[in-house]
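Undergrad: Provided below for reference: sequence and predicted model.
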Amino acid sequence: MRYVLVLLLCAACQNSKPDGASAAATTSASAAAAVAAPSASVAAKAWFEGDWQGSFQAELFRVEVPAGGIKEWKQDDGKKASGEGKLSLAVSPDGTATGTASGALGDLAVNGRVDGDRAALRLASAQADGFHGTILATQTPEGMKGTLRASSGDSLQVRQASVVLTRK
């Protein structure tokens, strides 16, 4: 008996048509979902996307090598290629970074990537004896902070600096 009653209720539910109020509510909900869908599909801008600027103060990076080593490293007083520098960087939505650096280390091209909360940038001079190096930076509430390490083309002068990048 119960089984027959359950079957009858199921059949009645499947054959029933929604009343006018239910149909209107269903239509309104569908229309609201259709309007909301495009705004939900707009992707949020990545934290790193856009233009950045920064500065650094290049200074001697003393390379310590036990026994032997390159005598020029010990003779470098750090006066040449030390001082202020500026950075300008553009980061695309996919994390590709390009820009320039200028100052104590000369005019440099900057290329690299931002991935997650970290940036890895390469510095390159157009001159063979110019400075080449890297910047490794991490996202901070203020922007990006990291370390620059570079050496002259012959690697006899080595410099380091703290780097701070903020939005333009």
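TA: Received the coordinates, thanks. Numbers count the residues shown, from 1 in each chain.
Undergrad: what helix or strand does the spatially most central residue of the chain sit in?
TA: The residue lying closest to the centre of the chain (Cα atoms, centre = their mean) is residue 114, at 3.1 Å. Here residue 114 sits within strand 108-115, counting by DSSP states H and E.
Undergrad: Run a quick neighbour tally on the closest residue to residue 101 other than its chain neighbours.
TA: Once flanking residues are discounted, residue 101 sits nearest to residue 108: 4.2 Å by Cβ to Cβ, 6 or more residues apart in numbering. In short, each C-beta sits where N, CA and C put it, glycine included. The local packing of residue 108 (other Cβ atoms under 10 Å) involves 23 other residues.
Undergrad: Could you tell me which residues make contact with residue 108?
TA: Going by Cβ atoms under 8 Å, 6 or more residues apart in numbering, residue 108 touches 100, 101, 102, 123, 124, 125, 130, 131.
Undergrad: so which helix or strand takes in residue 73?
TA: helix 71-75.
Undergrad: for that helix, what is the average pLDDT?
TA: Helix 71-75 carries an average pLDDT of 83.
Undergrad: buried stuff in whichever helix or strand comes after that helix?
TA: Per DSSP H and E, the first helix or strand lying C-terminal to helix 71-75 is strand 83-91. Across strand 83-91, burial judged by 16 or more other Cβ atoms under 10 Å covers 85, 87, 88, 89, 91.
Undergrad: ok, now stretch 147-165?
TA: Buried, per 16+ other Cβ under 10 Å, within stretch 147-165: 148, 150, 151, 152, 157, 158, 159, 160, 161, 163, 164, 165.
Undergrad: Now those residues in JSON lines, please, with extra columns for distance to residue 72 and pLDDT.
TA: Putting the buried residues of stretch 147-165 into JSON lines (distance: Cβ to Cβ, whole Å; pLDDT from 0 to 100) gives the following:
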{"residue": "148", "distance to residue 72": "21", "pLDDT": "98"}
{"residue": "150", "distance to residue 72": "16", "pLDDT": "97"}
{"residue": "151", "distance to residue 72": "11", "pLDDT": "96"}
{"residue": "152", "distance to residue 72": "10", "pLDDT": "95"}
{"residue": "157", "distance to residue 72": "8", "pLDDT": "93"}
{"residue": "158", "distance to residue 72": "10", "pLDDT": "95"}
{"residue": "159", "distance to residue 72": "14", "pLDDT": "96"}
{"residue": "160", "distance to residue 72": "17", "pLDDT": "97"}
{"residue": "161", "distance to residue 72": "21", "pLDDT": "97"}
{"residue": "163", "distance to residue 72": "26", "pLDDT": "97"}
{"residue": "164", "distance to residue 72": "31", "pLDDT": "96"}
{"residue": "165", "distance to residue 72": "32", "pLDDT": "97"}
